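Visitor: model this:
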Amino acid sequence: MKREEYLQKIGEQIRFEKAREGVKAELEWHIEDQKEEFLCAGMTEAEAEEAAVREMGDPVAVGTELDRIHRPRMAWNCIILIGVLYLAGLLLQRLLGAQTESSFYGGGVLTYAAKLFFGFGVMLLICYVDYSRIARWIRQIWAALFLVLTLGTCVFGTPVNGANFWIYGALNVKLLVFLFVPLYGGLIFWYRGRGRRGLFCVLLWGLLPAAVCILIRSFATAVLLAVLMLVLLSLAVYRGWFERKGRKLLLMSWGAFLVLIASFFLVCWNMGGYRAERIRAILHPYSTEAGERLEILREIALSSHFAGSSPWAGRVPDYGDGYSFMFSHITARYGILAVLLLAGTILGLFLYFLRNVLRQRNQLGMIMGSGCVLVLMAQTILYILTNGGLILHGYNYCPFLTYGGTGVMVTNILLGILLSIYRYENIPLVMAVQPAPFGKAH
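Guide: Below you'll find the predicted structure:
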């Protein structure tokens, strides 16, 4: 049987169209490798190819088995858990809103429920989309996101307390910029195998999100974003994507990042005024007005019972300036055990996704999925630390718990990408084996 006829019969057995070409390409490689061995053994060209095809086995049986293996699969256990967490967050917001004097949690529950429903639909829609398509247009998508956030902030921005990070007063740019992190993974994938030159290009692309953070005057967001992207880049260098030459440049990038932060602090300190006060608040948070909040939050945590309500139940302050203290409310009303179970479930879900993406054979899925998990875990950990009175991170957000449409949308986009990576885990996507159309990626 000829190679083309054999591959055609196998393709007829594979029902999932997106997997068909990738499977046929892999089998063709195997046939070619086996053919080379037979040629070395002294066979002619025609004899070697016929023997290689024969050794692959019956095409119908092989195709049926490959059809069983290379099917998209849904992570229904994760989807159900995500839905349960959203319902738990909605219920807690309703209960806590009824038990506190603040209307921040209770007043907009129906609106928030509508946002959850819409966001959940977006997550499922992204889950069914082949995530590898992002890599085909990664630079265009990156530039488009930059332009949308920049123009949206400059033209339609709503200034709040001197900072301009709200678009139409509804979209929080501080949260939207974190969509750059998984896209940064796509850029790293695009430039992999190009040594120091490729690594330098990746670093240059990373300046665009920094420009957005400067535009919205959020130094803390810029620092967190830079750390997440450098961690993602370090993972790629560790896995040998940029050869040994890239390690020195990566270390220099980390060093330059730390020097830049130190220089920024020093310049702001020397300028005096409110800038120096903000630096002082960061270095000595407990000596400022913000320190009073931290003291109250620590007092709530320390005075709470392991189970059951504490004297702070219904008395947790709501400052109304972008801070969210859902964990503090839950601790005061239901006890430390409730927070441990809820936080453990959320972090456990993200750790499950992290383990899954790090085991991915598909490099694009591994690097983009790692970016999604890094964002979700960073937001959750910062939220826990803020609610525990250890730090005061502005406009903190926790997936599944915090009120806000932008946060819900960003979370569901990231979860949708993770679910898409899981769905296509066993699919040999064509993008994974072919170079991108706008350049050669090794």
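
Visitor: Every contact and neighbour count from this point should use C-alpha atoms.
Guide: Will do.

Visitor: per-domain residue ranges of this structure.
Guide: Segmentation of the chain into domains, based on automatic domain parsing, reads 3-69, 74-128+284-426, 134-282.

Visitor: can you put the ones you listed in CSV and add mean pLDDT and mean neighbour count?
Guide: Output for these, formatted as CSV (pLDDT from 0 to 100; neighbours: other Cα atoms under 10 Å):
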stretch, mean pLDDT, mean neighbour count
domain 3-69, 78, 17
domain 74-128+284-426, 84, 19
domain 134-282, 84, 18
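
Visitor: centroid residue for this structure?
Guide: Geometric centre of the chain, nearest residue: Cys372, 1.3 Å, by Cα atoms, centre = their mean.

Visitor: Determine the set of other helices and strands touching the helix or strand where it lies.
Guide: Using DSSP states H and E, Cys372 falls within helix 363-387. For helix 363-387, the packing partners by 3 or more Cα pairs under 8 Å, 6 or more residues apart in numbering; DSSP states H and E come out as helix 180-191, helix 219-238, helix 326-334, helix 336-358, helix 405-423.

Visitor: now for the ones you listed, which one comes closest to Lys115?
Guide: Taking Cα to Cα, helix 405-423 is the member of the helices and strands packed on helix 363-387 nearest to Lys115, at 6.0 Å.

Visitor: First residue to last residue on stretch 167-174, what's the distance there?
Guide: End-to-end span of stretch 167-174 (Cα to Cα, to the nearest Å): 11 Å.

Visitor: got the contact list for Lys35?
Guide: Contacts for Lys35 (Cα atoms under 8 Å, 6 or more residues apart in numbering) come out as Ala48, Glu49, Ala51, Ala52.

Visitor: Gly57 should be in a helix, yeah?
Guide: No. In this structure, Gly57 is coil, not part of a helix, as judged by DSSP: H, G, I helix; E, B strand; the rest coil.

Visitor: Now it. Its backbone dihedrals?
Guide: Here is the backbone geometry of Gly57 (degrees, to the nearest 10): phi 100, psi 180.

Visitor: Just list the residues touching it, thanks.
Guide: Gly57 neighbours (Cα under 8 Å, 6+ apart): none.

Visitor: how close does it sit to Leu250?
Guide: Noted for Gly57: a distance of 48 Å to Leu250, by Cα to Cα.

Visitor: Pretty sure Pro311 sits against Ala332.
Guide: Yes. Assessed by Cα atoms under 8 Å, Pro311 is found in contact with Ala332 at 7.4 Å.

Visitor: what touches both of these two?
Guide: Joint contacts of Pro311 and Ala332 (Cα under 8 Å, 6+ apart) are Ser304.

Visitor: mind checking which helix or strand Ser309 is in?
Guide: Assigned by DSSP H and E, Ser309 falls outside every helix and strand.

Visitor: Name all residues that make contact with it.
Guide: So Ser309 contacts Thr331, Ala332, Arg333, Tyr334, Gly335 (Cα under 8 Å, 6+ apart).

Visitor: Over to Thr402?
Guide: Applying Cα under 8 Å, 6+ apart, the residues contacting Thr402 are Gly89, Ser324, Met326.

Visitor: quick one: the first one and Gly314, what's the gap?
Guide: The one in question is Gly89. Distance of Gly89 to Gly314, given as Cα to Cα: 17 Å.

Visitor: And for Leu258?
Guide: Counting by Cα to Cα, the gap from Leu258 to Gly314 is 42 Å.

Visitor: what does Arg139 give?
Guide: 49 Å.

Visitor: before we move on, what about Glu37?
Guide: Separation of Glu37 from Gly314 (Cα to Cα) stands at 76 Å.

Visitor: likewise Leu250?
Guide: Counting by Cα to Cα - Leu250 and Gly314 are separated by 49 Å.

Visitor: what's the answer for Val227, then?
Guide: Taking Cα to Cα as the criterion, Val227 is separated from Gly314 by 37 Å.

Visitor: now do Ile330
Guide: With Cα to Cα as the criterion, Ile330 and Gly314 are 10 Å apart.

Visitor: shared neighbours, these two?
Guide: Leu96.

Visitor: the strands in the stretch 1-150 of the chain, which residues?
Guide: In the stretch 1-150 of the chain, no strands are defined using DSSP state E, counting those that start in this stretch.

Visitor: can you give me the helices for it?
Guide: Ranges of helices within the stretch 1-150 of the chain are 3-13, 17-40, 45-55, 59-69, 76-99, 109-127, 133-136, 138-156, based on DSSP state H, counting those that start in this stretch.

Visitor: CSV please, covering these and showing distance to Cys213.
Guide: Below are the helices of the stretch 1-150 of the chain laid out as CSV (distance: least, Cα to Cα, whole Å):
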stretch, distance to Cys213
helix 3-13, 49
helix 17-40, 38
helix 45-55, 57
helix 59-69, 45
helix 76-99, 29
helix 109-127, 25
helix 133-136, 24
helix 138-156, 10
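
Visitor: Please identify which of the ones you listed is closest to Ile417.
Guide: So among the helices of the stretch 1-150 of the chain, helix 109-127 is nearest, using Cα to Cα, at 6.1 Å.

Visitor: Can you give the contact residues for that closest one?
Guide: With contacts defined as Cα under 8 Å, 6+ apart, helix 109-127 is touched by 86, 90, 93-94, 403-405, 408-409, 412-413, 415-421, 423.

Visitor: And stretch 40-51, by the same measure?
Guide: Applying Cα under 8 Å, 6+ apart, the contact partners of stretch 40-51 are Met1, Lys2, Arg3, Ile31, Glu32, Lys35, Glu36, Phe38, Leu39.

Visitor: I'd like those residues written out as TSV, with distance to Thr345 added.
Guide: Output for the contacts of stretch 40-51, formatted as TSV (distance: Cα to Cα, whole Å):
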residue	distance to Thr345
Met1	55
Lys2	54
Arg3	51
Ile31	47
Glu32	48
Lys35	52
Glu36	52
Phe38	55
Leu39	57
